[in-house]
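# Have a look at this prediction, sequence included:
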Amino acid sequence: MSIGSAVQRPYLDVKDLTVRFETDDGIVQAVTGSSFALEKGKTLGIVGESGSGKSVTSLAILGLHRTRSNAKVTGEIWLDDEELITATNEDVRLLRGGRMAMIFQDPLSAMHPYFTVGSQIVEAYRVHHPGVNKKVARERAIDMLARVGIPQPERRFNDYAHQFSGGMRQRAMIAMALVNDPALLIADEPTTALDVTVQAQILDLIRDLQEEFGSAVIMITHDLGVVAELADDVLVMYGGKVIEKGPAIDVFKNPQHPYTWGLLGSMPRIDRERTERLIPIKGTPPSLINVPTGCAFNPRCNYAHLNGGASETERPELLDIGNGHKVACHLSPQNRRQAWETDIKPKL
Amino acid sequence: MLAYLIRRLINAVVTLLVVTLVTFGVFFLVPKATGSDPALLYIGKQADPVAIEGIRTKLGLNDPIIVQYGKFLKGLVAGRDYANGPDVTHCAAPCLGYSFKTNQEVWPLLIDALPVTVSLAIGAAVLWVLMGVLFGVISALRRGTIWDRSVMTIALAGVSLPIYFTGLLSLSIFVYGLGWFPNPGYTPFFDNPAKWFSGLILPWVTLAFLFAATYARLTRANMLETLGEDYIRTARAKGLRERDVIGKHGLRSGLTPLVTVFGLDLGALLGGAILTEAVYNLRGLGYFALNGIRTNDLPVILGVTMFAAFFIVIMNLIVDLLYGVIDPRVRLG
């Protein structure tokens, strides 16, 4: 790399992202020092419980915390060699819905009830194509509705969100997000509000569209099945921090963090004996206001006693264990391997 | 849509019928309860028994109440004749009877008073909607700031201060004190628009202040709720300009609930803004209502009540029909 040339960055490069909210109860430390990268055509799965900072992370990328006066976002977010945290509101607005777009969890509440679905897609298109007349934009919207598999798109164009079924609504939401060919698509639990049969269709649709458009996709979910299905890389978040990340295949085959084990153990599986219970993670997620010192997972961890109290006092660093697979845990590699091989793996 | 409209119209007519029944019932029962005789109210206390009996026959007060009610309804629809032998007085439809006090037909009296009340109500409504929505939206967008708190404090004062206080205060300051405005009064619009305007400006502002306060609080609450909705986040995520996010997506839902309140408020005011009309000496429906009550002029009270009920029912109907247009989730049919 010669001096003066642009540093070759991944398409999306998030560094040390921290998001805080000042509330009446104190400062909510929603995301702390989260870093990850994503190339075009690849899918990153972000998993974690509610309140682990998944959605806050994605909203930070889109710059949607800017309208909240109590939010403080620090770190770096590079999208195609443009830094978004220091960029002006107007610059970020122009990227939003254009080069980066988002699909939300509940498409009924995420669509405006008083505007037709078609007009909302047209609006999204015309914001980023100011010169385009209404007729062309309408054709584009109908074309997108057809592309996401909505039958009779000319007719459905004039319907309202409440006249769509759940699955069709999410398809329309996807059509709206993709209308400007975004290079980065963030899907925030896109299938959570849907029937199981429809979930699979929507996931297939996202995968097909990704292949077609070659976008980078961030799939936010608490469903490890979805991640296993779609993701190239996985980011596991807990208490606002990244506690494990790496190639999906490594994280699934050889998970390192006790919390990741817990997530895997909580997943119902059809091939498991009925008599065996799921292995729930005991306790509740930590408060993000009074963040405990040490490892955030410590109070719920079954193995914290093995490392002589380090989990209570020191925050574990995210360390590479090879092949880009990183984990933030005080347990020694031997302890981890033994616990995984003897306690967890046989029960899955 | 047509079937819905017809059903709603029938509904409105039935409601009005019930209102006539109730008001007529009161009209009949009040004299009974107080021991006074409508015929006496009509003719005066010193009349001789023959004259009283004559009036009684002429007004049909000797008929059973059902017959009287039937005649009253017939008068509304087709007009009626008040007859005592050869002495016949025709009252053209819609007939609301004669004022006990002035012996004038009630219907033309109220029709004459109507433009005053309509001018007052519409003018004030325009003002209060503009002011209420403007201040409400700004308050919502600047939540928690000095601006928000001052507007809400003034709004609280507006809601709490009665018209006869703000009205008299405004009169003594702006008319008698500073002399900025002429003495309020009603001039028909088509006689002299400028005078119509200058004579009503103070009543408008006073009345609008009261309502604007309520509307500002309502708008603020609705907007805050709307701005927290997921679809507002979606609008931002699409890259819309903030002014479109607020001005298009926000206002569209934030102001919709106001339509109901506005319809009912306007309907109620059209039936007579009693206090405002009294304070500024405007001879609208409210003035006649007040006068009727003060002098026990039952036909006038009955007439004004019918007018007021009519406006409320009509505004309700309009609001319901309008909702089918502005809220696509309301299915008409």
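It's in.
# Quick one: name the residues of the stretch 101-250 of chain B near chain A.
Within the stretch 101-250 of chain B, the residues that sit near chain A (CB under 8 Å from any CB of the partner chain) are B:229-231, B:233-242, B:249. From N, CA and C alone the C-beta is placed, and that goes for glycine too.
# what about 6 Å?
Within the stretch 101-250 of chain B, the positions adjacent to chain A are B:230-231, B:234, B:236-240, B:249 by CB under 6 Å from any CB of the partner chain.
# List buried members of those residues by neighbour count.
When those are checked for burial by 16 or more other CB atoms under 10 Å in any protein chain shown, the buried set is B:230-231, B:234, B:236-240, B:249.
# Give me the subset of those residues lying in helices.
If you go by DSSP state H, these have B:230-231, B:234, B:236-237 in helices.
# thinking again about what came up before, of the buried ones among the residues of the stretch 101-250 of chain B next to chain A, just say which sits nearest to residue A:72.
residue B:236 (18.5 Å; CB to CB).
# In contact with residue A:33, which residues?
The contact partners of residue A:33, by CB atoms under 6 Å, 6 or more residues apart in numbering or on different chains, come to A:16, A:18.
# gap between it and chain B?
Separation of residue A:33 from chain B (CB to the nearest CB, to the nearest Å): 25 Å.
# and the next element down the chain from the strand or helix carrying that residue?
Secondary structure assigned from DSSP states H and E places residue A:33 in strand A:26-38. Per DSSP H and E, the first helix or strand lying C-terminal to strand A:26-38 is strand A:43-47.
# pLDDT of the next helix or strand after that following strand, averaged?
Next in sequence after strand A:43-47, counting helices and strands by DSSP H and E, comes helix A:54-62. Mean per-residue pLDDT for helix A:54-62: 93.
# Run the chain-centre distance for helix A:54-62.
8 Å (CA atoms, centre = their mean, to the nearest Å).
# What does the pLDDT read for the residue of chain A found nearest chain B?
Going by CB to the nearest CB, chain B is nearest to residue A:97 of chain A, at 3.4 Å. Residue A:97 carries a pLDDT value of 93.
# thought it was touching residue B:236?
No - contact between residue A:97 and residue B:236 fails when scored by CB atoms under 6 Å: they sit 8.7 Å apart.
# hang on, residue A:15 is in a helix, isn't it?
No - judged by DSSP: H, G, I helix; E, B strand; the rest coil, residue A:15 forms no part of a helix; its state is strand.
# what pairs with it across the strands?
residue A:76 (DSSP bridges).
# List the residues that contact it.
A:35, A:75-76.
# Regarding residue A:214, what are the backbone dihedral angles?
phi 70, psi 30 (degrees, to the nearest 10).
# what number of residues lie near it?
By the criterion of other CB atoms under 10 Å in any protein chain shown, residue A:214 has 12 neighbours.
# Helices of the stretch 101-250 of chain A, start to end?
Under the criterion DSSP state H, counting those that start in this stretch, the stretch 101-250 of chain A contains helices at A:107-110, A:117-128, A:134-147, A:153-156, A:166-178, A:196-213, A:224-230, A:248-253.
# That should have said the stretch 1-150 of chain B, apologies.
B:2-34, B:38-43, B:49-59, B:65-78, B:106-141, B:146-160.
# Can you check the pLDDT for residue 128?
Went with chain A since none was named. Confidence score, pLDDT, at residue A:128: 95.
# meant chain B, my bad for not saying
95.
# my guess is it meets residue B:212, correct?
Yes - between residue B:128 and residue B:212 there is a contact under CB under 6 Å: 4.1 Å.
# Buried residues, the helix or strand of chain A with the lowest mean pLDDT. List them.
Every helix and strand of chain A was ranked by mean pLDDT, DSSP states H and E. The lowest is helix A:310-313, at a mean of 82. For helix A:310-313, burial by neighbour count (16+ other CB under 10 Å) applies to A:310-311.
# Output that helix in CSV with nothing but the alpha carbons.
What follows is helix A:310-313, C-alpha atoms only, in CSV (Å, rounded to 0.1, in the frame of the first residue of the first chain):
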residue,chain,number,x,y,z
ALA,A,310,-11.4,-12.2,36.8
SER,A,311,-14.9,-12.1,35.3
GLU,A,312,-16.1,-9.9,38.2
THR,A,313,-13.4,-7.3,38.1
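# Without its sequence neighbours, what residue ends up closest to residue B:277?
Excluding its sequence neighbours, the residue lying closest to residue B:277 (CB to CB, 6 or more residues apart in numbering or on different chains) is residue B:286, at 3.9 Å.
# How far off centre is the strand or helix carrying the one you found?
Residue B:286 belongs to helix B:285-294 when assigned by DSSP H and E. Offset of helix B:285-294 from its chain centre (CA atoms, centre = their mean): 13 Å.
# of all of the stretch 1-150 of chain B, which residue lies closest to chain A?
Counting by CB to the nearest CB, the stretch 1-150 of chain B gets nearest chain A through residue B:144, at 8.8 Å.
# The stretch 201-333 of chain B too?
Closest point on the stretch 201-333 of chain B to chain A, by CB to the nearest CB, is residue B:239, at 3.4 Å.
# Show me the residue at the heart of chain A, geometrically.
Geometric centre of chain A, nearest residue: residue A:220, 2.7 Å, by CA atoms, centre = their mean.
# for it, which residues make a bridge with it?
residue A:46, residue A:188.
# can you tell me how far it sits from residue A:108?
To residue A:108, residue A:220 is 19 Å away according to CB to CB, to the nearest Å.
# Could you do residue B:173 as well?
53 Å.
# neighbour-wise, which of those two wins?
Neighbour comparison, residue B:173 and residue A:108: the larger count goes to residue A:108, with 16 against 13 (by other CB under 10 Å).
# helices and strands around the helix or strand containing residue B:320, which ones?
In the assignment (DSSP H and E), residue B:320 maps to helix B:298-326. Contacts defined by 3 or more CB pairs under 6 Å, 6 or more residues apart in numbering or on different chains; DSSP states H and E place helix B:298-326 against helix B:2-34, helix B:106-141, helix B:256-270, helix B:285-294.
# and with 10 Å instead?
Using 3 or more CB pairs under 10 Å, 6 or more residues apart in numbering or on different chains; DSSP states H and E, the elements in contact with helix B:298-326 are helix B:2-34, helix B:38-43, helix B:65-78, helix B:106-141, helix B:256-270, helix B:285-294.
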